[in-house]
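[1] Build the 3D model from these lines:
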Amino acid sequence: MQGVRISELLQSKKALITDLDGTLVDLHIDWDSLRERVRRAMGWDHPLRPLGRSIPQAARSEEEVKRAFKIVEEEELKAASRARPDEELRKFFVSLRRKGFRLGLVTMQASRSTILVLRNMDLADLFDVIVTREYSLDRREQLVYALKKLGVKGGDCVFLGDMEWDVRSGKEIGCLTICVGGKIEGADLYVRDISEIFKY
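    All right, here's what the predicted structure looks like:
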């Protein structure tokens, strides 16, 4: 963790917001295969990258948007059913709550699959706010809404994400932004996986 203990970083913060898939848990969804499935079913010729944000762009009607997202949600629910409890992760979040931290989650997944994942991981009761794609397909908008619900400013929050738009959005609103799973330019810190955070 580049010589920095997470406990030291959190001392001056009031909240933690995390992304879901790829950050909090790996749901092992084959996104390329899912994109192709959506393209075939909808008769679209669109790269669908990123998938969620691209669907409204590719669709020719609101009905097509709904049909495409239904295909995506079916796959998300299958993946969510495979999620399992993570005792160490739960202990980490419980310890933060005991210290007075507010906890939030933002995701491009549907609300049904998100809640199923969190229930299967034994984490559903720990988040003060959960923002899914039904609210917005824009990560920055999701974060701004989560911060408002948590009652904190960006500078008082740590944000965990794994994609370029996570890092960009987190930094734009002033969060201390940690990139999970790789190195994306602009992040304040990089960790290989979520376990590196609660081990420190």
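[2] Show me the helices in the chain, by range?
    Along the chain, counting by DSSP state H, helices occupy 6-10, 31-42, 51-58, 62-80, 87-98, 111-120, 139-150, 164-172, 195-198.
[3] Figure out which of those helices is closest to Ile178.
    With CB to CB as the criterion, Ile178 lies closest to helix 195-198 of the helices of the chain, at 7.1 Å. To be clear about C-beta, it is placed using only N, CA and C from the backbone, and glycine gets the same treatment.
[4] where does the protein have low pLDDT?
    Applying pLDDT under 70 to the chain flags the ranges 1-7, 199-200.
[5] now do 90
    1-12, 182, 193-200 (pLDDT under 90).
[6] Point me to the residue sitting farthest from the middle of it.
    Distance to the chain centre peaks in the chain at Gly43, reaching 29.0 Å (criterion: CA atoms, centre = their mean).
[7] next one: phi and psi at that one?
    Backbone torsions of Gly43, given as degrees, to the nearest 10, read phi 70, psi 40.
[8] Spatially, which residue comes closest to Val25, not counting chain neighbours?
    Distances taken as CB to CB, 6 or more residues apart in numbering place Ala83 nearest to Val25, at 5.9 Å, with adjacent residues excluded.
[9] I'd say that neighbour and Met121 touch.
    Yes - using CB atoms under 8 Å, Ala83 is in contact with Met121, at 5.2 Å.
[10] Could you tell me which residues touch both of the two?
    Val25 (CB atoms under 8 Å, 6 or more residues apart in numbering).
[11] Compute the distance between the nearest residue to Trp31 once chain neighbours are set aside and Met163, please.
    Nearest residue to Trp31 in three dimensions, chain neighbours excluded: Leu51, at 6.3 Å (CB to CB, 6+ apart). Applying CB to CB, to the nearest Å, the value for Leu51 to Met163 is 12 Å.
[12] mind checking how far Leu137 is from Phe69?
    10 Å.
[13] More neighbours: which of the two?
    With neighbours defined as other CB atoms under 10 Å, Leu137 and Phe69 compare such that Phe69 has more, 20 against 16.
[14] which ones are touching the nearest residue to that one once chain neighbours are set aside?
    Among residues not flanking Phe69 along the chain, Ile55 sits closest, at 6.2 Å (CB to CB, 6+ apart). By CB under 8 Å, 6+ apart, the residues touching Ile55 are 38, 48, 65, 68-69, 72.
[15] Same question for Ser81.
    Residues in contact with Ser81 (CB under 8 Å, 6+ apart) are 116, 120.
[16] what does Leu123 give?
    Here Leu123 is in contact with 24, 86, 89-90, 93 (CB under 8 Å, 6+ apart).
[17] Please identify the member of those with the greatest number of neighbours.
    For the contacts of Leu123, neighbours tallied by other CB under 10 Å; top is Leu24, 23 neighbours.
[18] Can you give me the buried ones in stretch 185-200?
    Buried positions in stretch 185-200, judged by neighbour count with 16 or more other CB atoms under 10 Å: 187-191, 194, 197-198.
[19] again, but for stretch 104-112
    Those would be 104-110, for stretch 104-112 by 16+ other CB under 10 Å.
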